[in-house]
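**Student:** Using only what follows, build the 3D model:
(one chain, ligands or ions: 1)
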Amino acid sequence: MTLVAEVIDGVAIAEEIKGELRAEVAALAARGIAPGVATVLVGDDYGAKMYRRQIERIAAEIGLAYRDVTLPGDTSLGDVLAGIRSLDEDPAVHGILPLRPLPKGMEAPVLEALDPAKDIDCLHPINAGRLALGQPAVYPATPWACYVLLERYFARKGLDPKTAFEGKELVIVGRSNIVGKPAYFLALERNATTTTVHSFTWRAGTLPAHTRRADILIVAMGKAEFIKKDMVKAGAIVVDVGINMVPALDAAGNPILDEKGRPKRRTVGDVAFDEVKEVAGAITPVPGGVGSVTNVLLMRNVVRAAERR
Ligand code: NAP
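**Tutor:** Prediction:
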């Protein structure tokens, strides 16, 4: 029997959360508090600049003050840390997001220089450690977005999102510090039976056996359309974190060119969406899934930091 998965609409869920945040920002404004967020970019990485634009746009949509700190790529570590410290001390800034990639050797000292109370992506070792200990102070936006999508999906199905994960087989593909590893702690927090698989699972030839067991499958590998339908259990809920650019092809398999004759590209996830949706019970699309919710949750962390203060 061929199923057609329900597509979990990240754009609609992001809009819902934005509405909630606007109300919280208005309530803070009535108390004379104006939440503010700052990004720190060192150098001119294209992806980091795109991300900076997205944060600026979404901060404006929600009504947050935005500060851009951009430093040349050859700025010394001491000067970058001085920039972070001045944001740490600035009462108008409630959340700080260092944009990756940072220049070589800078990532660890920059993250450690963040005031943990202004760390809106759970990057500071204290916040990451608290999450691992089951005492979270702040949730990391990308893995949190996976669970927010799932929780709102469960709620729409009439299930209690607080108990819907209990005892479910939840398999996470990937173990990076920013997605896979924290996604594991968030799964444990929800009492799921949790398995993490990674490239050595693949090399051992057991990856499909694990993914096929999953009631809920979260995929964060950075490999375009890697998860095929024979790797997914019928009726599973699939959350695709991947963002990959691939050449756009026409029906005959030839590259599609833009008006300047350059090959067009399109964004795909780590899951082969068209075929997996034939077996899954629900699936998040790329684009329009996890990525849409991630940035809104960063803003939620800014608002919460302002409320706590
Ligand atoms: P990453 O640091 O490259 O980690 C990839 C993980 O996948 C690693 O743990 C790796 O295993 C595992 N992996 C690679 N090939 C595998 C294979 N053949 N079989 C099983 N596991 C394999 O990537 P990341 O930063 O976690 O990002 C993952 C994806 O999510 C990327 O496409 C990224 O662009 C996207 N992303 C999206 C958002 C969003 O907001 N939607 C945010 C962040 C990242 P090893 O550890 O053994 O190498």
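**Student:** What ranges in this structure fall below the confidence cut-off?
**Tutor:** Counting by pLDDT under 70, the chain shows low-confidence ranges at 1-3.
**Student:** Can you list the buried residues in the lengthiest helix in it?
**Tutor:** Longest helix in the chain, counting residues (DSSP state H): helix 10-30. Neighbour counts using 16 or more other CB atoms under 10 Å place Gly10, Ile13, Ala14, Ile17, Lys18, Leu21, Glu24, Val25, Leu28 of helix 10-30 among the buried residues. Yep, even glycine has a C-beta here, placed from its N, CA and C like the rest.
**Student:** Grab the CA positions of it and hand them over as PDB.
**Tutor:** Output in PDB follows, covering the C-alpha atoms of helix 10-30 (Å, rounded to 0.1, in the frame of the first residue of the first chain):
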ATOM      1  CA  GLY A  10       7.300  24.800   8.800                       C
ATOM      2  CA  VAL A  11       6.400  28.200   7.300                       C
ATOM      3  CA  ALA A  12       2.900  28.200   8.800                       C
ATOM      4  CA  ILE A  13       4.300  27.100  12.200                       C
ATOM      5  CA  ALA A  14       6.900  29.800  12.100                       C
ATOM      6  CA  GLU A  15       4.200  32.400  11.400                       C
ATOM      7  CA  GLU A  16       2.200  31.100  14.400                       C
ATOM      8  CA  ILE A  17       5.300  31.500  16.600                       C
ATOM      9  CA  LYS A  18       6.000  35.000  15.200                       C
ATOM     10  CA  GLY A  19       2.400  36.000  16.200                       C
ATOM     11  CA  GLU A  20       3.000  34.700  19.800                       C
ATOM     12  CA  LEU A  21       6.300  36.600  20.000                       C
ATOM     13  CA  ARG A  22       4.800  39.900  18.800                       C
ATOM     14  CA  ALA A  23       2.400  39.700  21.600                       C
ATOM     15  CA  GLU A  24       5.200  39.000  24.100                       C
ATOM     16  CA  VAL A  25       7.300  41.800  22.700                       C
ATOM     17  CA  ALA A  26       4.200  44.200  23.100                       C
ATOM     18  CA  ALA A  27       3.800  43.000  26.700                       C
ATOM     19  CA  LEU A  28       7.500  43.800  27.400                       C
ATOM     20  CA  ALA A  29       7.200  47.200  25.700                       C
ATOM     21  CA  ALA A  30       4.300  48.000  28.100                       C
END
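**Student:** any residue of that helix up close to the ligand?
**Tutor:** No: judged by CB under 6 Å from any ligand atom, helix 10-30 stays clear of the ligand, getting no closer than 9.0 Å.
**Student:** by contact count, what packs against that helix?
**Tutor:** Judged by 3 or more CB pairs under 8 Å, 6 or more residues apart in numbering; DSSP states H and E, the packing partners of helix 10-30 are helix 46-62, helix 141-156, helix 290-308.
**Student:** Name the residues of stretch 272-291 that are buried.
**Tutor:** Of the residues in stretch 272-291, 272-273, 276-277, 279-286, 288-291 count as buried by neighbour count, 16+ other CB under 10 Å.
**Student:** can you tell me which of the residues you listed are up against the ligand?
**Tutor:** Answer for these near the ligand (CB under 6 Å from any ligand atom): Val290, Gly291.
**Student:** and the two most separated of the buried residues of stretch 272-291?
**Tutor:** Across the buried residues of stretch 272-291, no pair lies farther apart than Val279 and Gly291, at 23.3 Å, counting by CB to CB.
**Student:** can you list the residues of the stretch 1-150 of the chain near the ligand?
**Tutor:** Thr142.
**Student:** Pick out the residue of the stretch 1-150 of the chain closest to the ligand.
**Tutor:** Thr142 (3.9 Å; CB to the nearest ligand atom).
**Student:** what's the next secondary structure element after the longest helix of the chain?
**Tutor:** As assigned by DSSP states H and E, the chain's next helix or strand after helix 10-30 is strand 36-42.
**Student:** For that following strand, which outside residues touch it?
**Tutor:** 48-49, 51-52, 55-56, 59, 64-73, 75, 80, 83-84, 87, 90, 92-99, 102-103, 106, 110, 120, 298-299, 302, 306 (CB atoms under 8 Å, 6 or more residues apart in numbering).
**Student:** and the stretch 201-309 of the chain, which residues reach the ligand?
**Tutor:** Residues of the stretch 201-309 of the chain lying near the ligand (CB under 6 Å from any ligand atom): 201-202, 207, 220-223, 241-244, 290-291, 294.
**Student:** Please spell out the PyMOL selection for the buried subset of those residues.
**Tutor:** Only the buried entries of these go into this PyMOL selection, using 16+ other CB under 10 Å:
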select buried, resi 201+202+207+220+221+223+241+242+243+244+290+291+294
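**Student:** Tell me if I'm right that Asp115 and Asp90 touch.
**Tutor:** No: using CB atoms under 8 Å, Asp115 is not in contact with Asp90, being 10.0 Å away.
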